[in-house]
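Chemist: My questions concern the predicted model and sequence given below.
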Amino acid sequence: MSLVETAPTIDSAMHGITARRLTDIVTTHRLPTVDGRYLHWDELRHRTPPGDLSVREWWLAVQFARSSMLRPIPLSDAEGRPFNFSMPDEALENSHLVDRRASGEIAISEEVTNSATRDRYIVSSLIEEAITSSQLEGASTAHRVAKEMLRSGRGPRTRDELMIFNNYQAMHLVRGWTTPLTPDQVLELHRVVTSGTLDNPDAAGRVQRPDEQRVHVEIPGGEIVFRPPPAEQLPDRLEVMCAFANGEGIEGFMHPVVRAVLLHFWLAHDHPFEDGNGRTARALFYWSMLSQGYWLTEFLSISRILRQAPMQYGRSFLYSELDANDTTYFILSQLRVILRAIEELHAYLRRKMTEIRTSERDLRQSGLNHRQSALISHALRHPFADYTFRSHQRSHGVVYQSARSDLLDLEERGYLVRRLVGRAYHFRPVDDLRERIEAGRT
């Protein structure tokens with residue numbers, strides 16, 4: 001990641017500015033944004049300022065416009081300076097879109113709303129999030145191999161596979177939380193995330209101690225641009241973070257999605273653990289979203305989006321930490337990530353429904369009778385359905401022998417698999433039903 005230049009403070013930008021000049025500055029640019037964007041100094045300094053302003057004067061005008069919007073949160077940096085946030089137009093619009101698309105919108109594919117298929121998509125999204133969240137922190141296992149491990153149930157063979165397996169378990173863990181967040185839950189989550197993967201196994205499930213080295217970020221020349229709070233403060237800070245996660249610690253209304261995003265930022269900033277902070281922070285974001293009614297979050301993978309642009313993810317942290325602790329940069333970045341994840345889910349579901357309709361069209365040319373076509377069409381949408389001779393007979397009002405011939409023929413074609421349950425045969429769709437129908441066409 002290229003280095004981010006620390007933003008000038010209002011006090012430093014004011015140096016040498018007269019009262020008359022200040023009036024000119026604040027009347028030339030009155031908005032907290034530039035062309036609708038909430039720009040950091042690192043971006044704004046490369047642009048041409050309006051009127052006769054210098055770049056530094058332009059930045060001062062922007063900062064004055066932002067100062068009245070900023071609200072504090074109960075998080076402070078290592079020097080005790082508070083963090084704050086604001087809600088510019090883009091944040092208001094995108095949080096509204098998340099409300100519509102992740103909590104209340106019903107215009108979603110039946111693949112998600114159908115109870116017979118929704119679990120399959122939840123598992124797929126949990127697998128995707130487990131893999132990519134681990135890859136963001138260095139796991140190098142191939143995506144295909146990791147999916148095979150999680151779907152087959154085999155145990156992890158390497159440390160990288162164990163990171164992914166742990167993250168999958170952690171995502172399942174937070175889905176089951178129904179009570180307010182506690183420090184013990186956060187520690188348990190970290191234990192699950194890092195079990196068996198740390199150089200110091202004793203560090204799993206506990207915050208760092210005062211005698212342990214804390215991470216920091218420095219630039220060439222030795223200047224430290226990020227330092228987490230001292231380890232002695234971590235237990236108390238964890239208590240305050242949990243209170244914030246549960247809706248306490250801030251005056252007035254805070255949008256639920258913003259609270260979830262700031263919870264993600266908070267744990268990553270405090271960096272309370274030896275390793276696994278990012279994975280724990282992203283899992284807490286999922287818990288917060290689900291606990292506040294954003295049910296579609298179960299089907300999203302934010303880490304897959306973040307992994308496509310990891311520098312932007314890291315820069316959103318630095319922008320917030322290198323501009324007077326203004327977390328608006330991180331909020332805006334994460335809202336874009338959430339919306340993109342939702343859009344990609346819808347696109348994926350549209351592709352799946354197109355594939356199903358194509359398979360149903362192929363069935364009409366496969367030589368199956370109308371009863372068999374109806375059953376396979378049902379199976380494409382209900383991959384865990386169970387069929388018997390009797391159920392097929394009742395569904396189509398045919399004699400037992402016709403129903404028996406239908407199902408045995410579908411088994412022979414490779415579309416169904418048979419097992420004996422008690423004294424009756426039961427049939428279910430093969431896992432790759434759509435692919436087999438497509439192969440039969442070619």
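Modeler: That came through fine. Numbers count the residues shown, from 1 in each chain.

Chemist: could you point out where the stretch 151-300 of the chain is predicted with low confidence?
Modeler: Filtered on pLDDT under 70, the stretch 151-300 of the chain yields the residue ranges 217-225.

Chemist: what are the ranges of the helices in it?
Modeler: Remark: helices assigned in the stretch 151-300 of the chain by DSSP state H, counting those that start in this stretch are 159-175, 183-194, 234-245, 256-270, 277-291.

Chemist: list the helices and strands the last one packs on?
Modeler: Contact here means 3 or more Cβ pairs under 8 Å, 6 or more residues apart in numbering; DSSP states H and E; on that basis helix 277-291 packs against helix 115-136, helix 159-175, helix 183-194, helix 256-270, helix 302-308. All C-beta atoms are positioned from the backbone trio N, CA, C, and that covers glycine.

Chemist: out of the helices of the stretch 151-300 of the chain, nearest to residue 34?
Modeler: Proximity to residue 34, assessed across the helices of the stretch 151-300 of the chain by Cβ to Cβ, is greatest for helix 256-270 (22.0 Å).

Chemist: CA atoms only: put the closest one into PDB for me.
Modeler: Presented in PDB, the C-alpha positions along helix 256-270 are these (Å, rounded to 0.1, in the frame of the first residue of the first chain):
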ATOM      1  CA  PRO A 256     -27.900   0.300  12.800                       C
ATOM      2  CA  VAL A 257     -25.700  -0.400   9.800                       C
ATOM      3  CA  VAL A 258     -23.300   2.400  10.800                       C
ATOM      4  CA  ARG A 259     -23.100   0.800  14.300                       C
ATOM      5  CA  ALA A 260     -22.200  -2.600  12.700                       C
ATOM      6  CA  VAL A 261     -19.500  -0.900  10.600                       C
ATOM      7  CA  LEU A 262     -18.100   1.000  13.500                       C
ATOM      8  CA  LEU A 263     -18.000  -2.200  15.600                       C
ATOM      9  CA  HIS A 264     -15.800  -3.700  12.800                       C
ATOM     10  CA  PHE A 265     -13.600  -0.600  12.800                       C
ATOM     11  CA  TRP A 266     -13.400  -0.500  16.700                       C
ATOM     12  CA  LEU A 267     -12.100  -4.000  17.200                       C
ATOM     13  CA  ALA A 268      -9.600  -3.700  14.300                       C
ATOM     14  CA  HIS A 269      -8.400  -0.400  15.700                       C
ATOM     15  CA  ASP A 270      -8.000  -1.600  19.300                       C
END
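
Chemist: angle of that helix against helix 183-194?
Modeler: Per axes from the mean of the first three to the mean of the last three Cα atoms, to 10 degrees, the angle that helix 256-270 makes with helix 183-194 is 70 degrees.

Chemist: Tell me how far helix 256-270 lies from the chain's centre.
Modeler: Its chain's C-alpha centre and that of helix 256-270 lie 12 Å apart, by Cα atoms, centre = their mean, to the nearest Å.

Chemist: what does stretch 85-101 give?
Modeler: Using Cα atoms, centre = their mean, the offset of stretch 85-101 from its chain centre is 17 Å.

Chemist: what's that stretch in contact with?
Modeler: With contact meaning Cβ atoms under 8 Å, 6 or more residues apart in numbering, stretch 85-101 is reached by 32-33, 36-38, 66, 69-71, 73, 255, 257-258, 262, 294, 296, 326-328, 331-332, 335-336, 338-339, 342.

Chemist: domain ranges for the chain?
Modeler: 10-67, 71-349, 366-441 (automatic domain parsing).
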